[in-house]
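Undergrad: From the sequence below, what's the structure:
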Amino acid sequence: MAETTTEVRADIEQTRARMSGAIAELERKVDVTQRVKDHPWAAVGIAFGAGIALSASRADVKAAKVTADATKETTGKLGMALDGVVAALIAW
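TA: Predicted structure coming up:
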């Protein structure tokens, strides 16, 4: 089945138009700002529920503990390195 150049171009244009429409629809569905504007109370409820879930998980406490533990060693090593740099500068 041989197609002419005109038919192929028309087919490409139709495909391009369909893809543009699909992309526009996806962008509309993913637009969080517009969804919040369309459904403000649902957005508030979701944010509230997420806040409760995060506070119940105590992830912030766990993250703070891990950070504090990780920086204990770093502080000592960094302090020794800086002392060496200062001593070298003074001796220079």
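Undergrad: Helices of this structure, residue ranges please.
TA: 5-30, 32-38, 40-57, 59-91 (DSSP state H).
Undergrad: Throw those helices into JSON lines and include mean neighbour count and mean pLDDT, thanks.
TA: Where you see a C-beta, it was placed from the backbone N, CA and C, and this is true even at glycine. Output for these, formatted as JSON lines (neighbours: other C-beta atoms under 10 Å; pLDDT from 0 to 100):
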{"stretch": "helix 5-30", "mean neighbour count": "10", "mean pLDDT": "86"}
{"stretch": "helix 32-38", "mean neighbour count": "11", "mean pLDDT": "87"}
{"stretch": "helix 40-57", "mean neighbour count": "10", "mean pLDDT": "91"}
{"stretch": "helix 59-91", "mean neighbour count": "10", "mean pLDDT": "77"}
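Undergrad: Next, work out how far apart Trp92 and Asp83 are.
TA: Trp92 is 15 Å from Asp83, where distance means C-beta to C-beta, to the nearest Å.
Undergrad: Show me the residue at the heart of the chain, geometrically.
TA: Val32 (13.3 Å; C-alpha atoms, centre = their mean).
Undergrad: quick one: contacts for that one?
TA: By C-beta atoms under 8 Å, 6 or more residues apart in numbering, no residues touch Val32.
Undergrad: Tell me how far it lies from Gly21.
TA: Separation of Val32 from Gly21 (C-beta to C-beta) stands at 21 Å.
Undergrad: Contacts only, for Gln14.
TA: Not one residue lies near Gln14 by C-beta under 8 Å, 6+ apart.
Undergrad: Next one: it from Gly21, what distance?
TA: Distance, Gln14 to Gly21, by C-beta to C-beta: 11 Å.
Undergrad: Over to Trp41?
TA: Trp41 is 31 Å from Gly21, where distance means C-beta to C-beta.
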